[in-house]
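Enquirer: return atomic coordinates for the entry below.
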Amino acid sequence: MINAASNQEQMQTCRKYNADYMSSESHHKIGIAWNVKVKLQPIHGLRLEHAGYTTGWYI
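Expert: Alright, predicted model coming up:
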């Protein structure tokens, strides 16, 4: 479950960038590439529609 403050912040960010808001549960999975851990820049993010126990986020 997402806390209310986090949920509001996500909704504001979506409005700012004219993106559809898609909620995700905190226990769902995200995909994070190895280069994020080694701090390779730039970091790219992609969000697809969620499926099953994934958020749809790939970073």
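Enquirer: for the protein, longest helix please?
Expert: Ranked by residue count, the top helix of the chain under DSSP state H comes out as helix 4-16.
Enquirer: tell me which residues are up against it.
Expert: With contacts defined as C-beta atoms under 8 Å, 6 or more residues apart in numbering, helix 4-16 is touched by 2, 19-21, 23. In this view, the C-beta of every residue, glycine as well, is placed from N, C-alpha and C.
Enquirer: now do stretch 44-55
Expert: 22, 24-25, 27-31, 56-59.
Enquirer: distance check, the residue nearest to Gly31 when sequence neighbours are not counted against Arg47.
Expert: Counting by C-beta to C-beta, 6 or more residues apart in numbering, Gly31 lies nearest to Tyr58, which is 4.1 Å off, once chain neighbours are set aside. Relative to Arg47, Tyr58 is positioned 8 Å away (criterion: C-beta to C-beta, to the nearest Å).
Enquirer: low pLDDT regions in the protein?
Expert: Low-confidence segments of the chain (pLDDT under 70): 1-2.
Enquirer: could you pull up phi and psi at the residue of it most remote from its centre?
Expert: Within the chain, the residue lying farthest from the chain centre (C-alpha atoms, centre = their mean) is Val38, at 19.7 Å. As for Val38, its main-chain torsions (degrees, to the nearest 10) stand at phi -90, psi 10.
Enquirer: re the thing from before, so what's the residue nearest to Gly31 bridging to?
Expert: Beta bridges link Tyr58 to Gly31, Leu46, judged by DSSP bridges.
Enquirer: can you count the residues close to it?
Expert: For Tyr58, the neighbour count with other C-beta atoms under 10 Å is 14.
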